[in-house]
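Student: mind looking at a prediction? Sequence and model below.
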Amino acid sequence: MKQRSLLKWELNGIWVIFLLGSLFHFIYELTGSHAAAGAFFPINESVFEHLKMTFWPVVIWSAFSYRFLKANTYNFIVSRAAALFIMPIVILALFYGYTALTGWENVFIDILIFLLAVATGQMAGYWIITRKPLPLWLTGLSAILIITLGFGYIFFTYHPPHLPIFMDANTGSYGLPSK
């Protein structure tokens, strides 16, 4: 597969991930706040919960696109691991950066940060899948990191430490809302 076609996949992925992530923001509430849905969808307005809006959509997009790209790319798993780590880093750096400088939050800026994070992760992924094959151990390590990150999102949803990143900005609470 030519680099141009791979680039189209990654650019399309930006919009798919962005739209899925935006939809994910509302699904927990639409399920009637079902506790099991919290594993995959944001359960409150904490910064941590919003990071799931990148993780699970990237996993879904990757599973879909792998069927079409696997025979024509190198380093697919490594590229997905890089994207899954870069996106939250961009979100955290930009969100905490602008709120520290301004002293306020703005939902429009937050949405732009989300889009920029997804685009940055996808373009980093593109760069990696278009490189020469990386060592096989790096693919294995990347798969382990992706699985660990997924378990981390699930675990900390149900067992959040009392740190600012886990605090619901609207209620001051942590984790699943009390019923």
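Tutor: Yes, it's here.

Student: which helix or strand contains the residue sitting nearest the centre point of the chain?
Tutor: Using C-alpha atoms, centre = their mean, the residue of the chain that lies closest to the mean C-alpha position is T54, 2.1 Å off. For T54, the host element (DSSP states H and E) is helix 47-69.

Student: what's that helix packed up against?
Tutor: helix 3-30, helix 76-102, helix 107-129, helix 136-158 (3 or more C-beta pairs under 8 Å, 6 or more residues apart in numbering; DSSP states H and E). Any C-beta I mention is one placed from the backbone N, CA and C, and that applies to glycine too.

Student: among those, show the one with the smallest mean pLDDT.
Tutor: Lowest mean pLDDT of the helices and strands packed on helix 47-69: helix 3-30, a mean of 93.

Student: distance from the chain centre to it, please.
Tutor: Relative to the centre of its chain, helix 3-30 is centred 10 Å away, using C-alpha atoms, centre = their mean, to the nearest Å.

Student: which strands and helices sit next to it?
Tutor: By 3+ C-beta pairs under 8 Å, 6+ apart, helix 3-30 packs against helix 47-69, helix 107-129.

Student: tally of neighbours for N106?
Tutor: 12 (other C-beta atoms under 10 Å).

Student: can you tell me how far it sits from L20?
Tutor: 23 Å (C-beta to C-beta, to the nearest Å).

Student: what's the closest of the helices and strands packed on helix 47-69 to S65?
Tutor: Checking the helices and strands packed on helix 47-69 against S65 by C-beta to C-beta gives helix 3-30 as the closest, at 5.7 Å.

Student: show me what counts as buried in that closest one.
Tutor: Within helix 3-30, the residues that qualify as buried are 6, 9-10, 13-14, 16-18, 20-21, 24-25, 28, counting by 16 or more other C-beta atoms under 10 Å.

Student: and the furthest pair within those?
Tutor: Among those, L6 and Y28 lie farthest apart (C-beta to C-beta), at 33.6 Å.

Student: picking that back up, buried stuff in the helix holding T54?
Tutor: 47-59, 61-62, 65, 69.

Student: do the same with stretch 144-158
Tutor: Result for stretch 144-158 [16+ other C-beta under 10 Å]: buried residues L145, I146, L149, G150, Y153, F156, T157.

Student: can you pull the contacts of the last one?
Tutor: Contact partners of T157, counting by C-beta atoms under 8 Å, 6 or more residues apart in numbering, are G38, A39, I43, E49, K52, G175, L176.
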